[in-house]
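Novice: What shape does this take:
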Amino acid sequence: MRVRPNDSSKPNRFRDPAQPRVMAMEEQVVREDATKIGRPTEADLDDIMRLQAANQPKHGGTLSADFSRSQIAAMMREMP
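Specialist: All right, here's what the predicted structure looks like:
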């Protein structure tokens, strides 16, 4: 998946640091300031399944396994 800056008219060194940096990835827009890192929850399962499917070898990805929804849910419950 190619990631490109949404506003390529300004080089990064001139970007206003007070403004959130927006990057477009195909149809989705990701804001760097909105990224949250934490333990996955049940609400994340659909997105995890979509991400796993998109990264399978048949789609150009490099994952070597294809876990079921119940397997991923079990792994999430076992996380420390």
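Novice: Hmm, residue 39 and residue 76 touching each other?
Specialist: Yes - using C-beta atoms under 8 Å, residue 76 is in contact with residue 39, at 7.5 Å. Any C-beta I mention is one placed from the backbone N, CA and C, and that applies to glycine too.
Novice: If you count surrounding residues, which of the two has more?
Specialist: Between residue 76 and residue 39, counted using other C-beta atoms under 10 Å, residue 76 has the larger neighbour count: 15 against 8.
Novice: Now the more buried one: closest residue in space that isn't a chain neighbour?
Specialist: residue 40 (5.2 Å; C-beta to C-beta, 6 or more residues apart in numbering).
Novice: So that neighbour is in contact with residue 46, correct?
Specialist: No - Residue 40 is beyond contact range of residue 46, at 11.1 Å (criterion: C-beta under 8 Å).
Novice: and the residue nearest to residue 76, how far is that from residue 78?
Specialist: The gap separating residue 40 from residue 78 is 12 Å, by C-beta to C-beta, to the nearest Å.
Novice: same question, residue 62
Specialist: From residue 62 to residue 78 the distance is 24 Å (C-beta to C-beta).
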